[in-house]
Structure formats: C-alpha cells, structure tokens
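Asker: show me how the following folds:
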Amino acid sequence: MSFASMKSKSGQFAKLTQQIEKMSKPQGAGPDERLWKPGVDKSGNGYAVIRFLPEPDGEDLPWAQVWSHAFQGPGGWYIENSLTTLGQKDPVGELNRTLWNSGIDSDKEIARKQKRKLSYYSNVYVVKDQLNPENEGKVFLYKYGKKIHDKIVSSMQPQFEDEEPINPFDLWKGADFRIKIQTIGGYWNYDKSDFAAPSTLGNFSDERLEEIWKSQYSLKEFTDPSAFKSYEKLEERLNLVLGKTSRPTQGRRIEAEDEGMDFNGSDIVAPDPVVQADPTPSGFGSKIEESDEPDLSYFASLAAED
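Answerer: Below is the predicted model:
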C-alpha cells in the first residue's frame, strides 16, 4: 500500500473492527462456513456431486493431511491434533507405544481405542447438493477420511488394465465425484461413491475456471505448526483425560466431527479448545461418517522403533 493510498483510507477501520469481532468470538462457537458437508435424508441415504480442485496458488498439493486423536477417558474427552502430522513425537503416540510393547492384550486394546486417525482437507466445487441446493456452484473446503482418499488414489492408479488413470483434481481432464451415502449400522458408508467420466468442470470457459481456482482456500493452515499445541500442553490435557490430574471447575462443551469414531454423548465438557485445524464441528446427536479399521500398522511401527 502506498502512502497516498493509506492517507485516502484514513478514518476507515471497518476491517479492523471485523477482525476484533472475529478474534473475540470463542473457538467452536459455530460451524466454519468454509466447510461443506454432505447430508442424508430421513431414510439415511445421501447423494451429492463435487469436483476436487487443484492445489491453490503457491501450494504444492491439492490436499492437506492431518493426524488426530479422539477418545474418552475418566477425565473427559481428548480431541486433539497429533504432532505426528509434523513428524514430531506426540504424547499419545508415546503412551500407545508403551502400551503396545507391553505385550498385554488389554493394553493393546487401550492403544487401539486411542489410535490416531487420518483426515484430509481439499477444496471442492459443489456441482449438486440435493439437500442444500444453495451450495451448488460454490467453492468449499471438504474434510474426508481414508475411504474417500483411497478412491482418489485408485482413480490415479487403477488396478485393472482396462481403466484409464485420471487426475481427479484436474480442471479440464479430471472428473466429478459422485458421493453416495448409505447409513449402515448407524454409520455413513461411502462404498458406492465413484467418479464420473472425465470432463472439463461444468464445461466452463477458461475464464470461469480461473475464477473458481482463484476462489480456493489455502490448505497450509491445517499443517501449520501454529495449529498444533505443544507437547507439554498435549501431555497436560492427556493426563487430565486419563484422570491423572483434577479437572478445572470451568469447562466448555466439545463439538467435533470425525470420521470413523463415535463421539456421541451428552454434555461432554472439556476445559481446553478442541482440535484447532478441524473447523467442522457437528452435534453429538448424529453418527459419525466413516468406519475405518484400527491403524495396527502404526502401532507395529512404534513397537519396531524400540
């Protein structure tokens, strides 16, 4: 900004006021409007069509990968980003290593329940949203789990010779992703979801595609070190959850959405902010989306390190 430009804006501080209001708003007080989430009807089925978008300008990948932990102990819930996302040691990982290496089946079961979980974030263009058509034609962030990521990988590395590999993140030669949800055993199942035939997104002109590309959100924030608590803070929270320290009198309600784990409960309270890089809170009245198998290879690798 030039000095002349700064002078012309003298006395205007609406943006500063908005930022102050944003900063004063408690974390978790409401859903992140950048996040899109599919829905299901009364029968438990859902259908939507999205297009995964390329990496934002200046970034290397079209997705961000975040490990996290979510489990309940006698002192409440532990829902935090894992420092293993950054290639660092994490107190839950250290504890799970000890439990796994004990060779005791009950310890291994505890480690399984405290396993870390992998989530991904990508920019998507919503092509069709039956339950919320007002989302159509807009760009959102989308959080998804291993099952959908595996479908992305399979589209790029097909198993059969009669299948052509595609880059689903390509604006011109990618493909729309048809999300088909079935509620099975109380959980959302994505097995029938698939990619359509390759095509230019919306058959749009390059000018329109550029507008869409430029409207994406940065993915760097999800793996920025500032989105993670220190080892000491996480250890303090872990000790509280495990009942090793007393609970502060003041707490606040946890709201968290995660795939593959059931966080249903009533009046779950925690004194600390929940996962900072998970801006997709939802109430505890609904089942969680994907059911992934325990990450046993993770614990095996931990055991192998000793």
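
Asker: in which helix or strand would I find the spatially closest residue to Leu53 that is not a sequence neighbour?
Answerer: Computed as C-beta to C-beta, 6 or more residues apart in numbering, the closest residue to Leu53 that is not its neighbour in sequence is Asn123, at 4.2 Å. All C-beta spots, glycine's among them, are computed from the backbone N, C-alpha and C. Asn123 is part of strand 116-129, with elements assigned from DSSP states H and E.

Asker: buried sites along that strand?
Answerer: Using 16 or more other C-beta atoms under 10 Å as the test for burial, strand 116-129 gives 116-127, 129.

Asker: quick one: mean pLDDT for stretch 49-62?
Answerer: Averaged across stretch 49-62, the pLDDT comes to 97.

Asker: surely the residue nearest to Leu53 meets Pro56?
Answerer: Yes: the pair Asn123 and Pro56 passes the contact test of C-beta atoms under 8 Å, sitting 6.7 Å apart.

Asker: picking up where we left off before, and the buried residues of strand 116-129, which two are the farthest apart?
Answerer: Arg116 and Val127 (32.6 Å; C-beta to C-beta).

Asker: quick one on the thing from earlier: who does the strand holding Asn123 pair up with?
Answerer: As defined by DSSP bridges, the strand partners of strand 116-129 come to strand 46-52 (antiparallel), strand 64-73 (antiparallel), strand 139-144 (antiparallel).

Asker: between those strands, which one is nearest to Arg178?
Answerer: When the strands paired with strand 116-129 are compared (using C-beta to C-beta), the closest one is strand 46-52, at 5.4 Å.

Asker: possible to save the strands paired with strand 116-129 as TSV with mean neighbour count and distance to Thr245?
Answerer: Supplementary listing: the strands paired with strand 116-129 in TSV, determined by neighbours: other C-beta atoms under 10 Å; distance: least, C-beta to C-beta, whole Å:
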stretch	mean neighbour count	distance to Thr245
strand 46-52	22	42
strand 64-73	20	11
strand 139-144	23	31
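
Asker: ok, which of the ones you listed comes nearest Glu80?
Answerer: Comparing those under C-beta to C-beta, the one sitting nearest is strand 64-73, at 5.8 Å.

Asker: next structured bit after that closest one?
Answerer: Per DSSP H and E, strand 64-73 leads on to strand 76-81 as the next helix or strand towards the C-terminus.

Asker: averaged pLDDT, that following strand. What do you get?
Answerer: Confidence for strand 76-81, expressed as mean pLDDT, is 96.

Asker: buried residues in the next helix or strand after that strand, which are they?
Answerer: Past strand 76-81, heading to the C-terminal end, the next element that is a helix or strand (DSSP H and E) is helix 91-101. For helix 91-101, a neighbour-count test (16+ other C-beta under 10 Å) marks Pro91, Val92, Gly93, Leu95, Asn96, Arg97, Leu99, Trp100, Asn101 as buried.

Asker: list the residues that contact the nearest residue to Phe195 once chain neighbours are set aside.
Answerer: Counting by C-beta to C-beta, 6+ apart, Phe195 lies nearest to Ala175, which is 4.3 Å off, once chain neighbours are set aside. Contacts for Ala175 were tallied using C-beta atoms under 8 Å, 6 or more residues apart in numbering; they are Arg51, Ser155, Ile166, Pro168, Phe195, Ala196, Ala197, Pro198, Ser199.

Asker: for Pro62, state which of the residues you listed is nearest.
Answerer: For these, the closest approach to Pro62 (C-beta to C-beta) belongs to Pro168, at 8.9 Å.
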